[in-house]
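A.B. asks: After the sequence you'll find the predicted model.
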Amino acid sequence: MSDRPRILIVDDEPGICWAVAELARSMGFEAVTAGDADTGMRLLAERPADVVVLDIQLPGLNGLAALPRIRAEHPQTLVVVITAFGTMETAVTAVQRGAFEYLLKPVDAETLRTVLAAAVEHGRRRAELDAAPQPAVSDSTMVGRCPEMQEVFKRIAVVASADMPVLIQGQTGTGKELVARAIHRYSGRAGGPFVAVNCSLLSGELIASELFGHEKGAFTGADRASAGKVAAAAGGTLLLDEVGDLSAEAQARVLRFLDGGEYYPVGSAEPRGSDARILAATNRPLRAAALAGRFRRDLFFRISAVTIDLPPLARRGEDLDLLIDHFVALFGAGGITDRAREVLGAYAFPGNVRELRNVIAAAAAMAGGQPVAPAHLPEAARAPSAPTEGPGLADRAEAMLSEVLASGAPKGYEELMGRWERPVLAAAVDRFKGNQARIAAALGIHRTTLRKKLRRHGLIEPDDGGAGPEDR
């Protein structure tokens, strides 16, 4: 862009052309006007503008028809659409055709001033980005400078070439599948397939069939034979995501495959072979589940000889800005304001890096090519977060203990534990969508005990029996 930005105002009302031009000149623009789109296109061909203010209702070629032509012939020019006849369809069409902003007449002078300033800044940043060599940005790129992530990168490098099982552990949204894909990409199997199976979405016979295939007629609905994911991953890598949710039968089958490279499709007496490498991922404390008898110990020790532990985003403070910039670039946003960065820094991100990615994706879409501002962020991300660990948790525990002691409750410990119990159970109900069998298994308590606790805390109706999908 030139030192003095150039603006073209296209409107069939001379008064509006004059007013917008005077406002733009007061901001340092060089301003020219046109009464119709054809004249405006001719002026742009003679000398491109940095910004075009374009009315929709014009004689001859209307603004919505001219907009894609302007964007195609002058991709560096930003177009601000204005109209007195705003409808949802008009707004959507304008944005989809590349409008930088969409404003309704009469346009407030301060609003227009803000939009024009944002357009100039956006153009300046884009020019700087275009001039600088850009590293490749990919959704499969792992980003991190904190010591814990550097350790993750080192372990990936070490285990990639070791053709053995790896257990990847971490909270939901920390990037476990990205780690698995990185191990595959840097292994000798990179030329083979990468196949991922989410074990939490299937159960019992279905997961065994999904993994190892089945013969025709092996069970109700098996109208044809299926090879299964183990066969599909031959020569490559198979990721068992949420491996802790494998059924007992599937665990036994996986263990047999790991020990000998052979497996039996459901309904078949003939063994098959595959050289797929097994990686496993879990967001559950799998060691505790194995020691408590809720997961096969022999399988746990077989898949966990090498482990990679991913830190939650809350422990990656120095990586937050790096991740924000990565996702801003990934989703083509026009940058991010300092205030929006501050707002994101104050949010706890219980969904970890995946939630941050989704927040930036939504904000970039709302920003429409402008720098992401606080108003573009989802409402949840704009709310201050209570600390979930570290000193903040200790402070809340101390305050709660003081309250219980001051109340003189005869069973202070039960009262205190009850206050922690309800939010934990509520979170579990939300995570497992009310499935009591899965909640009980995850928390390691009997289903009857769980049902009593859910009733006591008002998380299920007292007369509904609390029957979840597994209970009916």
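C.D. replies: Noted; the coordinates are in hand. Residues are numbered from 1 along each chain as shown.
A.B. asks: His376 contacts Ile360, doesn't it?
C.D. replies: No: using CB atoms under 8 Å as the test, His376 is too far from Ile360 to be in contact (9.7 Å). The way it works is simple: take the backbone N, C-alpha and C, and place the C-beta from them, glycine included.
A.B. asks: So Ala375 versus Gly144, what's the distance?
C.D. replies: 29 Å (CB to CB, to the nearest Å).
A.B. asks: Could you check which of these two has the larger neighbour count?
C.D. replies: Gly144 (21 against 12; other CB atoms under 10 Å).
A.B. asks: Backbone dihedrals for the closest residue to the more buried one other than its chain neighbours, please?
C.D. replies: With sequence-adjacent residues excluded and distances taken as CB to CB, 6 or more residues apart in numbering, Gly144 is closest to Asp319, at 5.0 Å. When quoted as degrees, to the nearest 10, the phi and psi of Asp319 stand at phi -90, psi -10.
A.B. asks: Can you check the pLDDT for Asp319?
C.D. replies: On the pLDDT scale, Asp319 is placed at 91.
A.B. asks: List the contacts of it.
C.D. replies: Val143, Gly144, Arg145, Cys146, Met149, Leu313 (CB atoms under 8 Å, 6 or more residues apart in numbering).
A.B. asks: sorry, back to before: who has more neighbours, His376 and Ile360?
C.D. replies: Remark: of His376 and Ile360, Ile360 carries more neighbours, 28 against 22, as counted by other CB under 10 Å.
A.B. asks: I'd guess the more buried one is in a strand, am I close?
C.D. replies: No: counting by DSSP: H, G, I helix; E, B strand; the rest coil, Ile360 is not part of a strand but helix.
A.B. asks: May I ask which helix or strand encompasses the closest residue to it other than its chain neighbours?
C.D. replies: Closest residue to Ile360 apart from its sequence neighbours, by CB to CB, 6+ apart: Phe327 at 3.8 Å. Using DSSP states H and E, Phe327 sits in helix 320-330.
A.B. asks: mind listing what's buried in that helix?
C.D. replies: Leu320, Leu323, Ile324, Asp325, His326, Phe327, Val328, Ala329, Leu330 (16 or more other CB atoms under 10 Å).
A.B. asks: and of the residues you listed, the nearest to Ile308?
C.D. replies: The nearest member of the buried residues of helix 320-330 to Ile308, counting by CB to CB, is Leu323 at 18.7 Å.
A.B. asks: Identify the residues contacting that closest one.
C.D. replies: Counted by CB under 8 Å, 6+ apart, Leu323 has contacts Val143, Gly144, Leu313, Arg316, Val353, Leu356.
A.B. asks: Kindly provide the distance from it to Ala127.
C.D. replies: In terms of CB to CB, Leu323 sits 25 Å off from Ala127.
A.B. asks: okay, now Asp163: neighbour count?
C.D. replies: 12.
A.B. asks: Quick check, it in contact with Ser187.
C.D. replies: Yes: counting by CB under 8 Å, Asp163 touches Ser187, with 7.3 Å between them.
A.B. asks: anything in contact with each of the two?
C.D. replies: Joint contacts of Asp163 and Ser187 (CB under 8 Å, 6+ apart) are Arg277.
A.B. asks: Run through the strands of the stretch 101-250 of the chain in chain order.
C.D. replies: Taking DSSP state E, counting those that start in this stretch to define them, one finds strands in the stretch 101-250 of the chain at 101-104, 166-169, 194-198, 237-241.
A.B. asks: Might you list the low-confidence residue ranges for the stretch 251-400 of the chain?
C.D. replies: Scanning the stretch 251-400 of the chain with the threshold set as pLDDT under 70 gives 384-400.
A.B. asks: hey, where'd the helices end up in it?
C.D. replies: Remark: helices assigned in the stretch 251-400 of the chain by DSSP state H, counting those that start in this stretch are 286-291, 297-303, 320-330, 338-345, 352-367, 379-382, 391-407.
A.B. asks: can you put those helices in TSV and add distance to Glu249?
C.D. replies: Output for the helices of the stretch 251-400 of the chain, formatted as TSV (distance: least, CB to CB, whole Å):
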stretch	distance to Glu249
helix 286-291	17
helix 297-303	12
helix 320-330	40
helix 338-345	44
helix 352-367	31
helix 379-382	40
helix 391-407	40
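A.B. asks: Quick one: closest of these to Trp18.
C.D. replies: Using CB to CB, the nearest of the helices of the stretch 251-400 of the chain to Trp18 is helix 352-367, at 30.8 Å.
A.B. asks: Any regions of the stretch 1-150 of the chain where pLDDT drops low?
C.D. replies: Within the stretch 1-150 of the chain, the stretches with pLDDT under 70 are 1-2, 128-140.
A.B. asks: what do you get if the cut-off is 90, keeping everything else the same?
C.D. replies: The stretch 1-150 of the chain contains residues with pLDDT under 90 at 1-4, 75-76, 83-108, 110-111, 118-148, 150.
A.B. asks: residue ranges of the helices in it, please?
C.D. replies: Under DSSP H, counting those that start in this stretch, the stretch 1-150 of the chain gives helices at 14-26, 37-46, 63-73, 88-96, 109-131, 147-160.
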